[in-house]
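In: Next one to model:
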Amino acid sequence: MERFRPRLVLFTGALLVLATLLAATTAARTRPRSGAAFWVPAPPPPVVVARFPFDGAGAAAWADASGNGHTLKPVTGNGAVAELVDHQAGSAVRFPDPCRRKAPCRRLVLRAVTTADLNPAARPFRYGATMRLAPNRTSNGQNLMQKGYSTEGSQYKLQVDGRSGHPSCALVSGATIHLVLARVTVADDRWHTIECRRHGANLAIYVDGTVQGMVTVPIDLSVVNEEPLSLGGKSAYGDNDQYHGLLDDVWVAVG
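Out: You can find the predicted model right below:
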């Protein structure tokens, strides 16, 4: 048997080399091109639950283009009217001018009644709008969109803060307000897109497609309330954080 041992060793070594080559080939075929240790499928895109392009005449201007029936209702005060102006191939809403005198001031809010799909709970979600605001129309606070109140349980909101006109996104659950303020102003009388994006423990604000701020929020922060979705302010009454610019293509997406 001694004279066969070298051949047996060589044969065993060849088998080991072949097994190593097969394992390396299999790994090369299955390894992600990105170099990651494993491949994770991309999450499905968010589902648009409400979208308001303000196109069409009469009642059609307030329809929900998502097909989910979140029809808006103009709520006015002190002689305000819901005015539509041309924007691109459709329309945008013009909100009242700043009030330079004591009350009564004109108020306008667009509202859709609450439904379960407008409450994102703790899921990832996004919301945003296209807007135009002149530098001489800023104020201490103007709401583009909100659902819920900061003092009544939970809320999500998009607003333009202060005389400098920096937009911000807010999430509220309980007694804590989580706010991310954009580094740039949008009060330059030009059209801008603004998006608030919550995913897990992050809340980010995008202006014209670029991240302009991010903060950490609790991973279990949940927004569920019975309040309407309001555009342009909190109400048609005093101290309503009235928006004073043009607004178009408002949307909410969950997932």
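In: residues touching the closest residue to Lys73 other than its chain neighbours, list them.
Out: Ranked by CB to CB, 6 or more residues apart in numbering and with sequence neighbours excluded, the top spatial neighbour of Lys73 is Arg111, at 5.4 Å. Just so you know, the C-beta spots here come from the backbone N, C-alpha and C atoms, and that holds for glycine as well. Shown in contact with Arg111 (CB atoms under 8 Å, 6 or more residues apart in numbering): 72-73, 75, 228-231.
In: Please apply the same query to Thr176.
Out: Residues near Thr176 by CB under 8 Å, 6+ apart: none.
In: ok, now how distant is it from Thr216?
Out: Thr176 sits at a distance of 12 Å from Thr216 (criterion: CB to CB, to the nearest Å).
In: one step back: tell me which element the residue nearest to Lys73 falls in.
Out: Taking DSSP states H and E as the criterion, Arg111 maps to strand 107-112.
In: got it, and Ala170?
Out: Per DSSP H and E: Ala170 is located in strand 166-173.
In: Please identify the buried residues of the next helix or strand after that strand?
Out: As assigned by DSSP H and E, the chain's next helix or strand after strand 166-173 is strand 176-181. Neighbour counts over strand 176-181 (16 or more other CB atoms under 10 Å) mark 178-181 as buried.
In: now do stretch 187-205
Out: Using 16+ other CB under 10 Å as the test for burial, stretch 187-205 gives 187, 191-192, 194-198, 203-205.
In: would CSV of the buried residues of strand 176-181 with distance to Ala60 and pLDDT be doable?
Out: Below are the buried residues of strand 176-181 laid out as CSV (distance: CB to CB, whole Å; pLDDT from 0 to 100):
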residue, distance to Ala60, pLDDT
His178, 36, 97
Leu179, 35, 97
Val180, 35, 98
Leu181, 36, 97
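In: I'd like to know which of those is nearest to Pro46.
Out: Closest approach to Pro46 among these (CB to CB): Val180, at 18.6 Å.
In: Go ahead and confirm that closest one touches Pro167.
Out: No - in this structure, Val180 is not within contact of Pro167 by CB atoms under 8 Å, at 9.6 Å.
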